[in-house]
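# task: produce atomic coordinates for the following.
(2 chains)
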There are 2 protein chains.
Amino acid sequence: MRTNKPELYTCLSPSLLDLYEVNNSIVVIIDVLRATSTIATALYNGAKSIIPVDSVAECIRIGKQIESITAGERDGQIAEGLEYGNSPFEYSREFINGKTLVLTTTNGTRLLQMALDNNAKAIITGSFPNLSAVCNFLITQKQNVILGCAAWKNRVNIEDTLFAGAVISRIGKHFSINCDSSAMATSMYFEAKDDLFEFMKLKNASHYNRLTTFGLEKDIRYCLTEDIANITVFYKDGKLLAK
Amino acid sequence: MRTNKPELYTCLSPSLLDLYEVNNSIVVIIDVLRATSTIATALYNGAKSIIPVDSVAECIRIGKQIESITAGERDGQIAEGLEYGNSPFEYSREFINGKTLVLTTTNGTRLLQMALDNNAKAIITGSFPNLSAVCNFLITQKQNVILGCAAWKNRVNIEDTLFAGAVISRIGKHFSINCDSSAMATSMYFEAKDDLFEFMKLKNASHYNRLTTFGLEKDIRYCLTEDIANITVFYKDGKLLAK
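Numbers count the residues shown, from 1 in each chain, chains lettered A, B, ... in the order given. Next up is the predicted model:
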């Protein structure tokens, strides 16, 4: 059945992004554990902007050039030369309000760069903490959408897929969806939605295991909580900004 | 927890194959609708061997060189210059017994070639019609396994993922599995298993729609039926052979 609705696709890994018409779509960057959750939180708590960078060296370099907080982790520790980590709990209003955060992440930043290189119509970030804001924005735009899972070193992961499913379960009817990945994401979300944390644990999710090894169960719970930092996050001219 | 069990991964698209250690694994080529289902059927019904090729031209060329049946479809029709199509129903014992089939498929053959190029330890094909044979073979080998979904032009599809889930649901306990794609596949299979056909229909699976447009509902039902052509299919020296 043909409709005039815009199209929606779920891209389960950055390695699959070239299968989709990026230049004709809004791309939602999804990196649930923890980049896009922390980004939403810092902006919700008043950060002036967030500059996403893909390496520790670049993070340090920008930190020297402008008044800012530099942050990023490698292997569960604050990276050498940086000041803060990737946990959303580090970015309270008292701390981050009015400041610029330079944040290095690997998976999310790489996908964002790919969306930029492919001339995405617009780029926003998505996470459970700002789920409703993402959904509301996408409905109002009436544009094609790619839900872009940042994955883990290009391997498909459960949590980013669950977020795609959460978005589709809420706003799918506004789109024409002919995409098995979207159907799979939605199906899994319906199975998981009553307790996302327990689902991650039960399914032995690789990132769940990685983070709990570092004692970050609290972070995971936060990153799976809907609408606790409910703002729209746009990418513009090298910065992530709240609407 | 470390174990001595071999590892099992699910690769949801050929575009993701380079993330896995192919040269250290048995690769199962999964192209449920319809290539690997038809391959199992033709060999089960006595075909001497099947030569998989990636183009119509190559199929015609080999057909002229050796005594064989040439087969393949493009856009739901028997391709020009070939004699038969991709439907398992074309390969009854009366017809195919003792013959060599040269079969051109796109997604499955490409993945098979990638597995070869990356020096897979062994290559077998998997489909619901030979599900138990695949499972039994994998258990006995005690090697690492990659369940390789052929997908559709690299886009993840439901049916190949369901087959991966079916395998894992049966033999997962024999392997160490630290792979979110495997967890997702298994989860979806458990949701679908009571009626795979209805699940495909309900989820508006892209390939379900593509094939029913061509009136191939009967093919889909066949290709989702377990163990009706239950043989192990190996790739060796350019040919697919029954054990």
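
# and chain A, which residues reach chain B?
With Cβ under 8 Å from any Cβ of the partner chain as the criterion, chain A meets chain B at residues A:12-13, A:15-16, A:19, A:152-158, A:161, A:177-181, A:183-184, A:187-188, A:191, A:203-207, A:209. Every C-beta, even on glycine, is put in place using the N, C-alpha and C of the backbone.

# got a list of what the residue nearest to residue A:157 when sequence neighbours are not counted touches?
Leaving aside its chain neighbours, residue A:157 sits nearest to residue B:180 (4.7 Å; criterion: Cβ to Cβ, 6 or more residues apart in numbering or on different chains). Shown in contact with residue B:180 (Cβ atoms under 8 Å, 6 or more residues apart in numbering or on different chains): A:152, A:155, A:156, A:157, A:158, A:161, A:203, A:205, A:206, A:207.

# those residues into a markdown table, with extra columns for neighbour count and distance to residue B:50?
Shown next, in a markdown table, are the contacts of residue B:180 (neighbours: other Cβ atoms under 10 Å in any protein chain shown; distance: Cβ to Cβ, whole Å):
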| residue | neighbour count | distance to residue B:50 |
| --- | --- | --- |
| A:152 | 20 | 37 |
| A:155 | 21 | 32 |
| A:156 | 29 | 31 |
| A:157 | 29 | 36 |
| A:158 | 27 | 36 |
| A:161 | 29 | 35 |
| A:203 | 20 | 37 |
| A:205 | 23 | 39 |
| A:206 | 20 | 37 |
| A:207 | 21 | 41 |
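
# so residue A:164 makes contact with residue A:30?
Yes. Using Cβ atoms under 8 Å, residue A:164 is in contact with residue A:30, at 6.5 Å.

# quick one, which of the two is more surrounded?
residue A:30 (32 against 29; other Cβ atoms under 10 Å in any protein chain shown).

# pLDDT score assigned to that one?
pLDDT, residue A:30: 98.

# which residues touch it?
By Cβ under 8 Å, 6+ apart, residue A:30 lies in contact with A:36, A:125, A:126, A:127, A:147, A:148, A:149, A:150, A:160, A:163, A:164.

# how about 10 Å then?
Counting by Cβ atoms under 10 Å, 6 or more residues apart in numbering or on different chains, residue A:30 touches A:10-11, A:36-37, A:107-108, A:111, A:125-128, A:134, A:147-151, A:157, A:159-164, A:166-167.

# and residue A:100, by the same measure?
Going by Cβ under 10 Å, 6+ apart, residue A:100 touches A:47-51, A:62-63, A:66-70, A:239.

# which residue packs closest to it, ignoring adjacent ones?
Using Cβ to Cβ, 6+ apart and skipping residues adjacent in sequence, the residue nearest residue A:100 is residue A:68, 4.2 Å away.

# next, the one you found: phi, psi?
Dihedral pair for residue A:68: phi -160, psi 170, per degrees, to the nearest 10.

# sorry, back to before: from the contacts of residue B:180, which is closest to residue A:95?
Using Cβ to Cβ, residue A:207 comes nearest to residue A:95 of those, at 25.5 Å.

# on the pLDDT front, check that closest one for me.
If you check residue A:207, the pLDDT there is 83.

# list the buried residues in the host helix or strand of it.
Residue A:207 is part of helix A:206-213, with elements assigned from DSSP states H and E. Neighbour counts over helix A:206-213 (16 or more other Cβ atoms under 10 Å in any protein chain shown) mark A:206, A:207, A:208, A:211 as buried.

# please apply the same query to stretch A:67-78.
Residues of stretch A:67-78 classed as buried by neighbour count (16+ other Cβ under 10 Å): A:68, A:69, A:70, A:71, A:72, A:73, A:78.

# show me which helix or strand of chain A is least confident by mean pLDDT.
helix A:206-213 (a mean of 84; mean pLDDT, DSSP states H and E).

# distance between it and the chain's centre?
Here helix A:206-213 is found 18 Å from its chain centre; the criterion is Cα atoms, centre = their mean, to the nearest Å.

# please apply the same query to stretch A:128-146.
On Cα atoms, centre = their mean, the centre of stretch A:128-146 falls 13 Å from the chain's centre.

# span of that stretch from start to end?
One end of stretch A:128-146 to the other measures 17 Å (Cα to Cα, to the nearest Å).

# got it, and stretch A:145-153?
One end of stretch A:145-153 to the other measures 23 Å (Cα to Cα).

# please apply the same query to stretch A:52-71.
Note: stretch A:52-71 ends 10 Å apart using Cα to Cα.

# what number of residues lie near residue A:198?
Other residues within reach of residue A:198, judged by other Cβ under 10 Å, total 11.

# ok but it is inside a strand, no?
No. Looking at residue A:198 with DSSP: H, G, I helix; E, B strand; the rest coil, it is helix, so not inside a strand.

# my read is that it contacts residue A:192, right?
Yes. Taking contacts as Cβ atoms under 10 Å, residue A:198 lies within contact range of residue A:192: 8.3 Å.

# and for these two, which residues touch both?
residue A:224.

# CA atoms of the least confident helix or strand of chain A as PDB?
Only the C-alpha atoms of helix A:206-213 are listed here, as PDB (Å, rounded to 0.1, in the frame of the first residue of the first chain):
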ATOM      1  CA  SER A 206      27.500  -7.700  26.000                       C
ATOM      2  CA  HIS A 207      27.400  -4.000  27.100                       C
ATOM      3  CA  TYR A 208      25.600  -4.900  30.300                       C
ATOM      4  CA  ASN A 209      28.400  -7.300  31.100                       C
ATOM      5  CA  ARG A 210      31.100  -4.700  30.200                       C
ATOM      6  CA  LEU A 211      29.600  -2.000  32.300                       C
ATOM      7  CA  THR A 212      28.700  -4.100  35.300                       C
ATOM      8  CA  THR A 213      32.300  -5.300  35.400                       C
END
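
# next secondary structure after that helix?
Next helix or strand after helix A:206-213 toward the C-terminus (DSSP H and E): helix A:217-223.

# quick one: the strands in chain A?
A:8-11, A:25-30, A:49-53, A:69-74, A:77-78, A:100-104, A:122-126, A:144-149, A:233-236, A:239-242 (DSSP state E).

# low-confidence ranges in chain A?
Along chain A, segments meeting pLDDT under 70 span A:1-3.

# is the residue nearest the centre of it in a bridge, and if so with what?
Of all residues in chain A, the one closest to the mean position by Cα atoms, centre = their mean is residue A:30, 3.0 Å from it. Beta-bridge pairing for residue A:30 (DSSP bridges): residue A:126, residue A:149.
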